[in-house]
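# Need coordinates for the following:
(one chain, ligands or ions: 4)
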Amino acid sequence: GAKADGRNAVRLFDGTLKAAAERRSQIAQALQRSLDGGGFSLALQPKFSLRDGQALAGVEALLRWRDDELGEVPPAEFIPIAESSGLISSFDGVTAKLVSDLTQAWEARGIDLPIAFNLSAATLSSVKGAFLGEVFLRLGLRPGRTTIEITESAIMGHVSTAQADIEGLVKAGFRVAIDDFGTGYSSLAYLQALPIQEVKIDRSFVARLGGPEERGSIAIIRAVLAIAEALGLETVAEGVETEAQLAWLKTQGCHRAQGFLFSRPLPVAEFEERYLCTAARRAG
Ligand code: C2E
Ligand code: MG
Ligand code: MG
Ligand code: MG
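Residues are numbered from 1 along each chain as shown. Ligands and ions are numbered 1, 2, ... in the order given. Modelled structure (predicted):
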């Protein structure tokens, strides 16, 4: 009857919440362990120019984590847990070190490809941007060729301090991109207020192109591209999955694109084999 159904629903709900909480605490513990143990690597996703014959324009490095017990845990699951358990700065440090090692290995082989990586806003707000910039330089990251991606939603909460911190990174010579732009309920005016070089249009807008609800997304993407153009910011569309989305973004003057249509994020060796073989051979 209805009563039994209700009880079952409550039990199901309780069970689901409990399982989620357990998984979270398992991950939090494993994350703590992993900081000594390792299990980290980078996945690389290429970014392509939409202007000059779709040339490879750079790469985004995404953190991958494999725990002995939990297996591969996606960043969408472990990054928020690292953030809420105060570990995120350590993970951002892991990423920065891996990116630095990779760029140095590439440099030794004569490979000169711009690289981007993600930085949590929690890290940016807990460590002053100027200091962070120095740390990154000392780590061996190459200013001018390295872009730091920071999500828009994360910056929103503290725009004025974010402004100073981003300035610190930019003064050290790094490019800064606003990631997932359009999801954070912030105003387009922030694009002018922040000393950034690049805007990445969130994939939720790109995903709606060609669908029944595309009108709003079309308007938003156009507005972002227009403002970015006026401010001299580089634009990147993320999550491009279809030829139609790509074609439309080109007509709108978007500078770059990234997405499964071109390539999923790849393990470093696979990325090198697919995209850098000729460059490496020429250099080596
Ligand atoms: P993001 O920086 O916006 O990275 C793009 C995410 O979208 C990646 O997921 C990528 O695999 C996925 N993606 C790329 N193209 C497509 C597409 O065409 N379709 C679909 N459906 N998805 C696509 P991933 O690697 O799981 O990363 C998720 C998020 O985790 C990243 O979003 C970023 O915010 C965060 N993250 C990843 N690595 C790091 C890191 O080292 N540090 C920090 N703080 N955050 C990281
Ligand atoms: Mg990113
Ligand atoms: Mg993004
Ligand atoms: Mg995203």
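# which residue ranges form the strands in the stretch 51-200 of the chain?
Remark: strands assigned in the stretch 51-200 of the chain by DSSP state E, counting those that start in this stretch are 56-67, 71-73, 115-118, 146-151, 175-181, 198-201.
# Including mean pLDDT and mean neighbour count, could those strands go into JSON lines?
Quick note: C-beta positions are derived from backbone N, CA and C, even for glycine. Conversion of the strands of the stretch 51-200 of the chain to JSON lines gives the following (pLDDT from 0 to 100; neighbours: other C-beta atoms under 10 Å):
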{"stretch": "strand 56-67", "mean pLDDT": "96", "mean neighbour count": "20"}
{"stretch": "strand 71-73", "mean pLDDT": "94", "mean neighbour count": "13"}
{"stretch": "strand 115-118", "mean pLDDT": "98", "mean neighbour count": "23"}
{"stretch": "strand 146-151", "mean pLDDT": "95", "mean neighbour count": "24"}
{"stretch": "strand 175-181", "mean pLDDT": "94", "mean neighbour count": "24"}
{"stretch": "strand 198-201", "mean pLDDT": "96", "mean neighbour count": "26"}
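# With distance to A130 as added columns, please give those strands in a markdown table.
Below are the strands of the stretch 51-200 of the chain laid out as a markdown table (distance: least, C-beta to C-beta, whole Å):
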| stretch | distance to A130 |
| --- | --- |
| strand 56-67 | 23 |
| strand 71-73 | 33 |
| strand 115-118 | 19 |
| strand 146-151 | 13 |
| strand 175-181 | 13 |
| strand 198-201 | 20 |
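# Reformat the ones you listed as JSON lines; add distance to ligand 3.
Output for these, formatted as JSON lines (distance: least, C-beta to the ion, whole Å):
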{"stretch": "strand 56-67", "distance to ligand 3": "8"}
{"stretch": "strand 71-73", "distance to ligand 3": "19"}
{"stretch": "strand 115-118", "distance to ligand 3": "8"}
{"stretch": "strand 146-151", "distance to ligand 3": "7"}
{"stretch": "strand 175-181", "distance to ligand 3": "4"}
{"stretch": "strand 198-201", "distance to ligand 3": "5"}
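# where in the stretch 1-150 of the chain is pLDDT low?
Within the stretch 1-150 of the chain, not a single segment meets pLDDT under 70.
# Ligand 1 contacts on that one?
Neighbours of ligand 1 within the stretch 1-150 of the chain, by C-beta under 6 Å from any ligand atom: 45, 62-63, 74-76, 79, 91-92, 95, 117-120, 149.
# Return the member of the residues you listed nearest to P143.
Comparing these against P143 with C-beta to C-beta places F117 closest, at 13.7 Å.
# Just list the residues touching the closest one, thanks.
Residues in contact with F117 (C-beta atoms under 8 Å, 6 or more residues apart in numbering) are E60, A61, L62, T95, A96, V99, T146, T147, I148, E149.
# cool, G37 as well?
Counting by C-beta under 8 Å, 6+ apart, G37 touches no other residue.
# going forward can the numbers begin at 28, since that is how I track them
In the new count, where the first residue is 28, that last one comes out as G64.
# residues near G137, how many?
Look at G137: counted by other C-beta atoms under 10 Å, it has 11 neighbours.
# And it, how far from L303?
Relative to L303, G137 is positioned 10 Å away (C-beta to C-beta, to the nearest Å).
# of all the strands of the stretch 78-227 of the chain, which lies closest to I254?
Among the strands of the stretch 78-227 of the chain, the nearest to I254 by C-beta to C-beta is strand 225-228 (8.5 Å).
# Show me what the closest one is packed against.
When contacts are defined as 3 or more C-beta pairs under 8 Å, 6 or more residues apart in numbering; DSSP states H and E, strand 225-228 packs onto strand 202-208, helix 241-258, strand 261-264.
# Tell me, what's the model's pLDDT at A310?
Looking at A310, its pLDDT is 46.
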